[in-house]
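[1] Give the three-dimensional model of this entry:
(one chain, ligands or ions: 1)
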Amino acid sequence: MNVLEVNNVSYRYHDKMVLQDVTFTVQKGELFGILGPNGSGKTTLLKLLSKELSLQTGMIFLNGKPLVSFSQKELARLVAVLPQSVDTTFGYTVKETVELGRYAHQGSLFPKWTEGDEQAVIKAIEQVELLDKMEEGIDQLSGGERQRAYLARALAQEPDILLLDEPTNHMDIAQQMKLLDRLSKWTKEKRLTVIAIFHDMNLASLYCDRILFLKQGSVIGVSEPNDMIEESTLRNVFGAPVRRQAHPVVPNPIVTFLPEMELPEREKELRDRLTIEKSHERIVVTTSQPFKVLSSSLVGAGFQWATHFVNRHVSKDYRCDDAEEEMKQYLRSHTLDVKRTIGMMTAVCLEDAAYVYRKEETFSLFTIVTAGIGNAVDAAKAWERDESAKGVGTINIIVFIDGTLMDAAYVQAMMTATEAKTKALYDERILDPKTNTMATGTSTDCIAIAASQMNTVFDYAGTITPLGKAIGRSVYEATREALRRYQQRRGDDQ
Ligand SMILES: Nc1ncnc2c1ncn2[C@@H]1O[C@H](COP(=O)(O)OP(=O)(O)OP(=O)(O)O)[C@@H](O)[C@H]1O
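    As a prediction, this is how the structure comes out:
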């Protein structure tokens with residue numbers, strides 16, 4: 001059911017047109033966000049909805065009735081407003097300020113304060129968590145507390161519709177989340193309708209049922225956050241370069257801003273941007289600037305920006321209940337910043353690592369592989385095994401790429417590297433000792449794809465693309481070489 005219907009509303013201040021043909025509806029129980037650049041007409045629109053400004057062109061219907069037909073008092077029983085800036089009610093306490101919200105419910109001739117009024121006021125103050133400051137002067141509150149007090153005044157009106165102009169203004173992040181969590185809950189449980197102006201795209205994405213974008217007084221679109229928060233739409237509306245990403249926990253998009261950056265090392269060779277320290281205990285590659293990494297590593301798995309890449313040798317008897325934490329402690333003890341480090345472990349001899357550097361026309365690659373096959377396994381038959389991994393044997397692959405990889409390219413680079421590794425195992429005739437079939441990998445393999453995010457942009461890295469071909473070839477060659485060295489050492493040891 002539409003509680004609000006806005007039809008072809010235009011508005012001008014003197015000769016300046018600020019809203020043009022604005023049309024949309026809001027349904028009961030919706031948390032409806034209005035977003036747009038400064039000066040796009042958001043506040044003007046909200047003022048028209050609350051009748052603070054009179055309609056010039058178009059129509060607004062509230063519960064099916066023209067807004068113009070409501071008296072201010074009738075309207076105040078249905079609609080409460082939290083304006084962008086409120087003149088501080090100097091001399092009033094928090095409670096007295098909130099009591100002003102009951103005006104709409106008072107009789108006009110002989111206003112009488114009832115038990116119901118008192119309860120509504122206390123409840124509203126409780127809802128914004130200001131009970132302990134109830135008797136304090138409003139002008140003695142912090143900006144965020146004052147914002148909450150004015151919100152309580154709006155809530156005390158017990159409206160059906162709340163109009164909020166930047167409600168989270170002045171609030172710290174915890175208070176912003178609390179307020180929006182509550183508003184969201186009230187829309188669902190009490191069927192309260194909330195129409196709010198937001199500047200924070202990510203809060204709007206997380207909390208709004210629908211979003212309306214205004215640009216220069218015109219509606220650019222109204223839909224669910226998932227439809228509205230598109231890179232091209234945001235560039236059109238705000239003229240700002242942003243990247244849309246998936247929220248890590250909930251299925252809503254989030255946006256990240258792309259700052260202008262100086263990239264002083266743009267021209268440098270990949271090889272000159274990496275420093276490699278080798279010892280029998282660890283291989284540490286340090287990059288001169290952070291690389292964006294997608295990895296399955298023990299420390300830093302998933303996407304992470306990193307400047308250090310550690311392949312650490314551990315004894316073949318290494319057992320630990322919390323290997324990740326133990327590895328983090330190890331990194332810290334070597335003064336490595338855990339948040340900027342990709343950490344892998346292996347029991348194979350690090351002297352047998354293989355390094356392949358490839359320089360192509362528009363990019364370069366550097367690949368490091370350590371390989372052991374004590375845990376070689378045929379993925380298609382792994383289900384037949386019930387024991388956990390034993391013995392020395394992990395294939396760790398790190399591919400450094402001088403280039404800008406899109407997400408699809410990272411995932412495809414992982415696939416390409418995996419396929420190349422498997423082919424290397426095949427060509428080296430490595431068997432799964434349990435099933436006696438060709439091994440496809442080992443049970444604890446790890447891959448990291450690290451890209452400088454500079455220079456050439458790669459949308460894809462499948463085996464048909466130049467980048468995929470280079471990854472496939474480098475990983476294949478390095479894995480074969482590392483496998484041969486491993487087997488040779490094993491042969492020498494026996
Ligand atoms: N009382 C007024 N008289 C003349 N022009 C006004 C008045 N109020 C607003 N404007 C102009 O109308 C346009 C829209 O203003 P409005 O406050 O509605 O924008 P907004 O989208 O809410 O902006 P912000 O994000 O900065 O709060 C702006 O160009 C503003 O300068």
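
[2] domain parsing for the chain?
    2-257, 270-493 (automatic domain parsing).

[3] mind listing the helices in the chain by residue range?
    Here the chain has its helices, by DSSP state H, at 42-49, 72-78, 94-99, 115-127, 143-156, 173-189, 201-207, 225-228, 231-238, 323-333, 407-427, 466-493.

[4] Let me see the contact set for the closest residue to P159 other than its chain neighbours.
    The shortest distance from P159 to any non-neighbouring residue, by CB to CB, 6 or more residues apart in numbering, is to A80 (3.8 Å). (Glycine included, C-beta is placed from N, CA and C.) Listed by CB atoms under 8 Å, 6 or more residues apart in numbering, the contact partners of A80 are G101, R153, A154, L155, Q157, P159, I161, L162, L163.

[5] ok, the third one to M171 distance?
    Read it as A154. 15 Å (CB to CB, to the nearest Å).

[6] what do you get for the second one?
    With distances taken as CB to CB, R153 is found 16 Å from M171.

[7] out of the two, which sits in the busier spot?
    Neighbour totals were compared for R153 and M171, and R153 leads with 28 against 21 (other CB atoms under 10 Å).

[8] Model confidence for the residue in the stretch 351-494 of the chain that the ligand sits nearest to, exactly?
    Nearest residue of the stretch 351-494 of the chain to the ligand, counting by CB to the nearest ligand atom: D407, 32.1 Å away. Reported pLDDT at D407 in the predicted model: 94.

[9] so A417 touches I449, yeah?
    Yes. Here A417 lies in contact with I449, judged by CB atoms under 8 Å, at a distance of 7.0 Å.

[10] V94: what's it in contact with?
    V94 is in contact with I125, L130, K133, M134, E135, E136, G137, I138, L141, A149, A152, counting by CB under 8 Å, 6+ apart.

[11] swap in I395?
    Per CB under 8 Å, 6+ apart, neighbours of I395: V369, T370, A371, G372, I373, K421, G441, T442, D445, C446, T479, A482.

[12] Go again with 7 Å.
    V369, A371, K421, G441, T442, D445, T479 (CB atoms under 7 Å, 6 or more residues apart in numbering).

[13] leaving aside the residues next to it on the chain, what's closest to the first one?
    Going back to what we said before, that points to V369. Nearest one to V369, counting by CB to CB, 6+ apart, is A478 at 4.0 Å.

[14] Give the burial count for the residue nearest to A379 when sequence neighbours are not counted, as a bare number.
    Closest residue to A379 apart from its sequence neighbours, by CB to CB, 6+ apart: T440 at 4.3 Å. T440: 22 surrounding residues under other CB under 10 Å.

[15] And for the one 4 residues further on?
    Here the number of neighbours of T444 (other CB under 10 Å) works out to 20.

[16] Looks like it contacts N375 (just checking).
    Yes. Using CB atoms under 7 Å, T444 and N375 qualify as a contacting pair, with a distance of 6.1 Å.

[17] where are the low-confidence patches of the stretch 151-300 of the chain?
    Applying pLDDT under 70 to the stretch 151-300 of the chain flags residues 261-267.

[18] all strands for it, in order.
    161-165, 193-197, 210-215, 218-223, 242-246, 253-257, 274-278, 282-295 (DSSP state E, counting those that start in this stretch).

[19] hey, what's in contact with both of A417 and I449?
    V399.

[20] Tell me who's in contact with the residue nearest to A379.
    Neighbours of T440 in contact, by CB under 7 Å, 6+ apart: D378, A379, T422, L425.

[21] need the residues of the chain near the ligand, please.
    Contact residues, the chain versus the ligand (CB under 6 Å from any ligand atom): Y13, K16, V18, G36, N38, G39, S40, G41, K42, T43, T44.

[22] From these, which land in strands?
    Of the positions in these, Y13, K16, V18 sit in strands, assigned by DSSP state E.

[23] wait, doesn't the last one sit right on G217?
    The reference is to V18. Yes. With contact defined as CB under 7 Å, V18 counts as touching G217 (5.0 Å).

[24] Looking at these two, which is more packed in?
    G217 (23 against 17).

[25] Please tell me I have it right and A347 contacts V314.
    Yes. Counting by CB under 7 Å, A347 does reach V314; the two are 5.8 Å apart.

[26] And the contacts of I395, which is closest to E224?
    Of all the contacts of I395, D445 has the smallest distance to E224: 40.0 Å, by CB to CB.

[27] Contacts only, for V79.
    Contacts of V79 by CB under 7 Å, 6+ apart are S50, P159, I161, L163.

[28] give me every residue that touches the second one.
    If I follow you right, that is P159. Counted by CB under 7 Å, 6+ apart, P159 has contacts L78, V79, A80.

[29] Show the pLDDT at the last one.
    Read it as A80. Taking A80 on its own, its pLDDT is 92.

[30] beta partners of it?
    Using DSSP bridges, the bridge partners assigned to A80 are L162.

[31] will you turn the strands of the stretch 151-300 of the chain into JSON lines that also has mean neighbour count?
    Below are the strands of the stretch 151-300 of the chain laid out as JSON lines (neighbours: other CB atoms under 10 Å):
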{"stretch": "strand 161-165", "mean neighbour count": "24"}
{"stretch": "strand 193-197", "mean neighbour count": "24"}
{"stretch": "strand 210-215", "mean neighbour count": "22"}
{"stretch": "strand 218-223", "mean neighbour count": "17"}
{"stretch": "strand 242-246", "mean neighbour count": "14"}
{"stretch": "strand 253-257", "mean neighbour count": "16"}
{"stretch": "strand 274-278", "mean neighbour count": "14"}
{"stretch": "strand 282-295", "mean neighbour count": "20"}
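
[32] With distance to S69 added, can I get those strands in TSV?
    Shown next, in TSV, are those (distance: least, CB to CB, whole Å):
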stretch	distance to S69
strand 161-165	16
strand 193-197	19
strand 210-215	25
strand 218-223	25
strand 242-246	43
strand 253-257	40
strand 274-278	73
strand 282-295	58
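
[33] Quick one, which of the ones you listed gets closest to I229.
    So among the strands of the stretch 151-300 of the chain, strand 253-257 is nearest, using CB to CB, at 4.5 Å.

[34] quick revisit: neighbour-wise, which one of the contacts of I395 leads?
    A371 (32 neighbours).

[35] which non-adjacent residue is nearest A376?
    Nearest residue to A376 in three dimensions, chain neighbours excluded: A439, at 3.6 Å (CB to CB, 6+ apart).

[36] what about the one you found, distance to V219?
    A439 is 60 Å from V219, by CB to CB.

[37] What of G64?
    22 Å.

[38] Could you do L162 as well?
    For L162, the distance to V219 - CB to CB - is 21 Å.

[39] And the furthest pair within the contacts of V79?
    S50 and P159 (10.5 Å).

[40] For M344, name its beta-bridge partners.
    Where M344 sits in a bridge, its partners, by DSSP bridges, are N311.

[41] and it, what is it in contact with?
    So M344 contacts S297, L298, V310, N311, R312, N396, C446 (CB under 7 Å, 6+ apart).

[42] Now neighbour count too, for the residues you listed, in JSON lines please.
    Converted to JSON lines, those look like this (neighbours: other CB under 10 Å):
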{"residue": "S297", "neighbour count": "26"}
{"residue": "L298", "neighbour count": "19"}
{"residue": "V310", "neighbour count": "26"}
{"residue": "N311", "neighbour count": "27"}
{"residue": "R312", "neighbour count": "21"}
{"residue": "N396", "neighbour count": "27"}
{"residue": "C446", "neighbour count": "22"}
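
[43] Since that was my last question, I'll sign off now.
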